[in-house]
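Undergrad: Generate a structure from the sequence data that follows.
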Amino acid sequence: MNTILLFILFFVGVHSRQIFTSVIEPPKILRDENFIPGLSAAGSDEFRISDEWRKNAIQKLWNERELMTRTPIYHLPIPSMPNVDFIFKNESASRTGSLKHRYAWALVFWALLEGHITQNTTVFEASSGNTATSEGYMLNLLGVNFVVVVPDTLEKIKEDRIRQYTSEIIKTYIGKRIERAEEEARKRNGFFMNQFANADRAEEFHESGNFKFESVNIMHEIVSQLTDNYLNPNNMPHFFVAAGGTGGTISSVGKYIKKYNLPTQIVLADTEFSIYYDLVLHGRFANESGAKFWVEPGMAGFGFGTIGPAILGKTSSLLPSVIDRAIKVPDLASTAAMHFLQEIGIEGGTSTGTNFVAALSLAAKESTKTSSKIRIVTLLADSSHYYEQTYLNRTWIETNFRFHGGLPVFDCWKRIISESFNLGNDPISNGLRQSAVNKILKMVKSARTLHYNIKTTDRQKTYDFYVKQLGMKILRHEEFDKSCEAGCNAGGGNAWSKTQIGFGPEDENFVFEVIYNYDKKPIVHGNDYGGVVIKTEKTIQATEDPEGFPLTLENVSNVPSNPIVKVTFHVDSLVKALGFWRDLLEMCVISQTNDRAVLSFGEGQTYIELAAKGVPIKRENASGRVAFSIPENDLLPLQSRVQNFDESCIHTKLTELETPGKATVKVVVLTDPNGHEICFVGDEKFRELSKVDPKADELYKEAIKKEGCSKCNA
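TA: Residues are numbered from 1 along each chain as shown. Predicted coordinates for the structure are as follows:
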């Protein structure tokens, strides 16, 4: 009964109309002709803002409001989910072509009434495009100067739209937009509108009450369009799904729903590397920046990751308390959804893709719980037209989403979304599983397994075993007079040497990197290293090398081109280890038992075996480091991904390593949960560095001889 009464009152209040046909003129202000400088005379009123200008400006905004008709809604039939009423609210039909039109109207109205905007004000804003266009449009109506700070990656088509309404565009790194806009406003004595902070200030105007115009709140329009009248609450949507940029729209809708006690859940659709998901569910990032976890390109125009902490009323307007659920959507899934929607006739932009995947996932889960009608409303925030040269361009996707897996993963997501639409599967859970395989296949094309470093205290014995007995070759030899910045010589003294020994060039073969520290500290072994398997035609009885590093020699008649076929690392827990090597580093699992798993980065490459020991893993100074190469441009995204997983897994952040007279390489060094060190090096420069030196054997022998002579002379 209370609910029905509420809707009767709400219906009557919102739909009543009062047409104002006259304006009461304010009384003329009498000024004291005998004013004496000093304290102001009693009763002397003076205007600081031109009242006439502000009245005209307000009238212009109300004139614009009268032209702001309701944006349409579309019911999208989903063949596999007949009990789901899937609804798009098409905000691209607004007068400036995006969701931000109504918000900009309310925001400018707030700034105007509170005196932040006058006829002489220059307004500054930070935006990724749509807000700048809509704000610029509103300010242009008022004749107010507008300067906008945009990311330097802004699409040209959006930049051209903004230029219709602004005299100046400033480009900067996406994470510096707010800081730069605030700085420019301060330097030029202007007003920084700050859409990120002030959405709640504009909220009052999202609700224009029962006066001349109904509320511009999106949820109010949706309810009005879905229900014949407010006496039938059964027509209300069960879920409202929306992404967050500033957080203003979803928070505004959330407050509206809570205020009127509507039976609708608010669902946040968040991007892959945005912090809003963790902010809402776990309370993280209220005081911590998410910038270090951000992986480009992100989804243009929304998602919160490149700026500092999400501080309500300063950097963000997202209000976690009004959000009921949160769904994280991979960026390539959102991109694939844009393409899928375009094929079925829905021209939506980046946030539309994210909204659709989250809403489709929600529909797949909820539709199996009941046979009753389920209404899910989401937003078509802007047109796909603005993304034709970026997110809708396959070449751009391959280049900019390389770390995410490029086109193989994109195509996988597109197929998964189509299957979900037609078969009723959850696109996110299925897509994460299947796209991981495709991402691995993509990684396989670029990642290479290079070497493992071992230690020696006697280079001659090492030479006799690996070269004379096993038949390996000295590929490179380098001398250093100071310790490696990335810990390559495992904390040895200043002077050390590094020697690559293998059956062939490192471009095609897995090799050993032999580390020799001139201080000759005794080598102590832990229980971390399980050794290597080497296939050979020779019959050699050996289970370890002269320094005690284990190995297995398999006698075969047909030796593979890469004879070192497997390296084994011991772990305490196979499940935990796979979470790092398989899920984070994205190595492909070739085989697995209860206590062992064999992984690879591709056909013909040396396998990495993880063998569970069920005891804590202890590393000593004999413990080495395995090395892989990936494209240099992928090093920083990999570092960000691992930091997101666990900051302590970063051994050495991206750095440059110099080798005298040879190429300088970039590396990122990681440690897995068991302490195993893993080096990723930029492939392009490493191929130059790793070229076989025809004088390597001679240099190695000379180093041994030189050290021996120095001892004799001592």
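Undergrad: If we ignore the residues flanking it in sequence, what's nearest Lys618?
TA: Excluding the flanking residues, the one nearest Lys618 by CB to CB, 6 or more residues apart in numbering is Gly526, at 4.4 Å. Where you see a C-beta, it was placed from the backbone N, CA and C, and this is true even at glycine.
Undergrad: How many residues are close by that neighbour?
TA: For Gly526, the count of nearby residues is 14 (other CB atoms under 10 Å).
Undergrad: what separates Gly349 from Leu599, distance-wise?
TA: Distance, Gly349 to Leu599, using CB to CB, to the nearest Å: 39 Å.
Undergrad: ok, those two, which is more surrounded?
TA: Gly349 (29 against 22).
Undergrad: which residues touch the more buried one?
TA: Ser92, Ala300, Gly301, Met338, Ala381, Asp382, Ser383, Ser384, Tyr386, Tyr387, Tyr391 (CB atoms under 8 Å, 6 or more residues apart in numbering).
Undergrad: A strand includes the last one, no?
TA: No - with DSSP: H, G, I helix; E, B strand; the rest coil as the criterion, Tyr391 is coil rather than part of a strand.
Undergrad: How much space separates the residue nearest to it when sequence neighbours are not counted from Ser351?
TA: Spatial nearest neighbour of Tyr391, chain neighbours left out: Thr335 (5.1 Å); criterion: CB to CB, 6+ apart. For Thr335, the distance to Ser351 (CB to CB) stands at 12 Å.
Undergrad: shared neighbours of the two, which are they?
TA: With CB under 8 Å, 6+ apart as the test, Thr335 and Ser351 both reach Met299.
Undergrad: On the three-state scheme, the most centrally placed residue in the chain is what?
TA: The centre of the chain sits closest to Phe273, judged by CA atoms, centre = their mean, with a distance of 2.5 Å. Following three-state DSSP, Phe273 is assigned to coil.
Undergrad: Quick check: it vs Gly303, distance?
TA: Counting by CB to CB - Phe273 and Gly303 are separated by 7 Å.
Undergrad: related to what we said a few turns ago, let me know whether the residue nearest to Lys618 touches Ala622 as I believe.
TA: Yes - counting by CB atoms under 8 Å, Gly526 does reach Ala622; the two are 6.8 Å apart.
Undergrad: Residues in contact with stretch 515-524: which ones?
TA: Contacts of stretch 515-524 (CB under 8 Å, 6+ apart): 453-457, 459, 488-490, 492-499, 547-548, 620-622, 624, 707.
Undergrad: Please apply the same query to stretch 269-278.
TA: Against stretch 269-278 from outside (CB under 8 Å, 6+ apart): 241-244, 247, 268, 284-285, 290, 293-295, 298-299, 302-305, 310, 318, 326-331, 334, 351, 354-355, 357-359, 378, 640, 644.
Undergrad: Which ChimeraX command selects the buried ones in these?
TA: Entered in ChimeraX, the line below selects the buried ones among the contacts of stretch 269-278, by 16 or more other CB atoms under 10 Å:
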select :241,242,243,244,247,268,285,290,293,294,295,298,299,302,303,304,305,310,318,326,327,328,329,330,331,334,351,354,355,357,358,359,378,640
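Undergrad: Apart from its chain neighbours, what residue comes closest to Thr462?
TA: Closest to Thr462 by CB to CB, 6+ apart is Thr456, at 4.4 Å.
Undergrad: Just give me the neighbour total for the one you found.
TA: Neighbour number of Thr456 under other CB under 10 Å is 24.
Undergrad: mind checking pLDDT for it?
TA: Looking at Thr456, its pLDDT stands at 93.
Undergrad: give the contact list for the nearest residue to Gly301 once chain neighbours are set aside.
TA: In this structure, Gly301 finds its nearest non-sequential neighbour in Ser128, 4.3 Å apart by CB to CB, 6+ apart. Counting by CB under 8 Å, 6+ apart, Ser128 touches Val150, Pro151, Leu154, Ile174, Arg177, Gly245, Ala300, Gly301, Phe302.
Undergrad: And the second one, what's its pLDDT?
TA: In the predicted model, Pro151 carries a pLDDT score of 87.
Undergrad: Please apply the same query to the fourth one.
TA: On pLDDT, Ile174 comes in at 80.
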